[in-house]
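Colleague: got a structure for you, letters missing:
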């Protein structure tokens, strides 16, 4: 089987290297191909960019000590990497897309904005199953800790091992209907993980940005930078993805498709359309 490995942190990110190496250790005859953005695209969601203006550049790339059969960088977000792969830019069709390892849990409403999850969602849109693997990062924004400090010396081993086990199980029995598996691993060593749980997507992550203010840029009239402030840590129920990870469990969520939802509390819109289209 052919497996595409991508991420939203760039082709040189250590989490991608850990995941790609773990995929290369899978049992069976599998071809591992890495196609990842050439730079940081965190928060890109499932965006492709303006298709009528995109002039993406694809380059051969290298990841130290990675035995993948091919490694490519793309000047675009991870969903674009997946779309190009689905359309045949990197050879024969792929059987599975695996994205990660993302530093920071992709839980709650973060799943809407995550480029890691967006890659898996884009895979399913092309009738291919996708797996998103993320590792929680403790302390970011708490007591003034910066992002670089929070991820310094991070160990990817537990997330890589969890991702490998789930991917192997999928390869051994791929579902007929494509699935998106969102995996979040707690910020602890492998032997400290308490277990795993199927979880619901929570409303919020454990901690999120709570406010934004415009701050004038000195010397530039009418120009502002945006200063954001963190809210307090939220205690989440353990049946949610974020709550389970905070409690020390691996959270596994099968993300549903977007679909129409019948509503009886917005009937006014339908009536307005009736009046417009009868005129």
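Modeller: Received, thanks. Because the structure is a prediction, the values reported are computed rather than measured. Residues are numbered from 1 along each chain as shown.

Colleague: who are the packing partners of the biggest helix by length in the chain?
Modeller: Ranked by residue count, the top helix of the chain under DSSP state H comes out as helix 157-172. Helices and strands touching helix 157-172, by 3 or more Cβ pairs under 8 Å, 6 or more residues apart in numbering; DSSP states H and E, are helix 14-24, strand 96-103, strand 129-135, strand 180-185. C-beta here means a position set from N, CA and C on the backbone, and glycine is covered the same way.

Colleague: what does it rub up against?
Modeller: The contact list for helix 157-172, computed with Cβ atoms under 8 Å, 6 or more residues apart in numbering, reads 1, 3, 15, 18-19, 21-23, 25-28, 30, 95-96, 98, 100-101, 129, 131, 133-135, 179, 181, 183, 185, 188-190, 193, 196, 250, 252.

Colleague: try stretch 248-261
Modeller: Contacts of stretch 248-261 (Cβ under 8 Å, 6+ apart): 105, 107, 111, 117, 120-121, 124, 162, 166, 179-186, 188, 192-201, 238, 241-242, 244-245.

Colleague: give me the buried entries from the residues you listed.
Modeller: By neighbour count, with 16 or more other Cβ atoms under 10 Å, the contacts of stretch 248-261 hold 105, 107, 111, 117, 120-121, 124, 162, 166, 179-186, 188, 193, 196-197, 199, 201, 241-242, 244-245 as buried.

Colleague: low-confidence ranges, the protein, go.
Modeller: Within the chain, the ranges that satisfy pLDDT under 70 run 139-152, 279.

Colleague: can you map out the strands along it?
Modeller: 2-6, 31-37, 58-60, 70-74, 96-103, 129-135, 180-185, 195-198, 209-216, 224-230, 249-254 (DSSP state E).

Colleague: fine by me, we can end here.
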